[in-house]
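Visitor: Please work out how this folds:
(one chain, ligands or ions: 1)
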Amino acid sequence: MINKGTFIVFEGGEGTGKTTQAKILQDQLNTNNILTILTREPGGTKESEEIRKILINGKINKWDGISETLLHYAARREHIKKKIIPELKKGTWIICDRFFHSTEAYQGAGHGVSTDFLNTLKKAVCEDLVPDITFIFDQKVEKSIQRIKNRNENNRYENFDINFHNRVRKYFKNLKNTSNKNCILINADDTIKNISDKILLYVQQNFIQS
Ligand code: TMP
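Guide: I've put the predicted structure just below:
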């Protein structure tokens, strides 16, 4: 597949500010006449948003880890096939709030689903689609948990214990070592302005021809 648009992903724990930053970047790119869609996982299409509801709502341990992984990948397949790839082919830029690294972090590092299983699914579902860049938002779990207390959406993942969230954080943090060309670690303790400036600069230098 030849992408004409750029595919940018934001990853990290809940409450690290990635969604706010994804929106800021979308606005900045659109202001610069680069047509950019902001989307999210799980979700992004009607069917994937339906899967999101059953993944996010309800009792903390409602899913077996493998079932949960399959649901995330079912939502992702719909999203990729019906939205991400068609838009990238048209030349639209995509900013996606979470992508497959979240499955590796939450279902893999968090729940203990095997790397082999995750890699097999990733290959079958995503084929050769990989983000051009992934920004990973990092912050101490104790701090990010404080930030999500005022949210409206009930998200059962937020109720997993601190050890679960620390495993997720550790996985995300380590990505810069394992796939360093495509991942940039962002210190989520920094100010909103400093973070958005840093991200925009990176995008301008690497993806926008002057
Ligand atoms: P959020 O988009 O508001 O952060 O909520 C999505 C939740 O879904 C978040 O708690 C992380 C979780 N999640 C997974 O466990 N695996 C995945 O593959 C994805 C995309 C999200």
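Visitor: Show me which helix or strand of this structure is least confident by mean pLDDT.
Guide: helix 141-147 (a mean of 88; mean pLDDT, DSSP states H and E).
Visitor: CA atoms only: put the helix or strand following that helix into CSV for me.
Guide: Once the chain leaves helix 141-147, the next helix or strand it forms, by DSSP states H and E, is helix 162-178. What follows is helix 162-178, C-alpha atoms only, in CSV (Å, rounded to 0.1, in the frame of the first residue of the first chain):
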residue,chain,number,x,y,z
ILE,A,162,-1.8,0.3,40.0
ASN,A,163,0.4,-2.7,39.2
PHE,A,164,-1.5,-3.2,36.0
HIS,A,165,-1.1,0.4,35.0
ASN,A,166,2.6,0.4,35.9
ARG,A,167,3.1,-2.6,33.6
VAL,A,168,1.3,-0.7,30.8
ARG,A,169,3.5,2.4,31.5
LYS,A,170,6.7,0.4,31.5
TYR,A,171,5.7,-1.2,28.1
PHE,A,172,5.0,2.1,26.5
LYS,A,173,8.2,3.7,27.9
ASN,A,174,10.3,0.9,26.5
LEU,A,175,9.0,1.3,23.0
LYS,A,176,11.5,4.0,22.2
ASN,A,177,14.2,1.3,22.6
THR,A,178,12.5,-1.5,20.8
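Visitor: now for whichever helix or strand comes after helix 162-178, which elements pack on it?
Guide: The C-terminal neighbour of helix 162-178 among helices and strands, as given by DSSP H and E, is strand 183-187. With contacts defined as 3 or more CB pairs under 8 Å, 6 or more residues apart in numbering; DSSP states H and E, the packing partners of strand 183-187 are strand 133-138, helix 162-178, helix 192-207. (C-beta placed from N, C-alpha, C; glycine too.)
Visitor: Out of the ones you listed, the one nearest the ligand is which?
Guide: helix 162-178 (8.2 Å; CB to the nearest ligand atom).
Visitor: who's in contact with the closest one?
Guide: The contact list for helix 162-178, computed with CB atoms under 8 Å, 6 or more residues apart in numbering, reads 11-13, 101, 104-106, 108-110, 134, 136, 138, 141-142, 145, 183-185.
Visitor: Below-threshold pLDDT in the chain: ranges please.
Guide: Residue ranges of the chain with pLDDT under 70: 1-3, 152, 180-181, 210.
Visitor: and with 90 instead?
Guide: 1-3, 145-154, 176-181, 209-210 (pLDDT under 90).
Visitor: ok, which residues in it are in contact with the ligand?
Guide: 14, 40-42, 56, 72, 97-98, 102-103, 106-107, 155, 157 (CB under 6 Å from any ligand atom).
Visitor: Just the ones of these in helices?
Guide: Of those, the ones assigned to helices by DSSP state H are I56, H72, S102, T103.
Visitor: Next, the residue lying closest to the third one once chain neighbours are set aside: phi, psi?
Guide: This points to S102. Leaving aside its sequence neighbours, S102 sits nearest to E11 (CB to CB, 6 or more residues apart in numbering; 6.1 Å). Its backbone dihedrals place E11 at phi -130, psi 160, with angles given as degrees, to the nearest 10.
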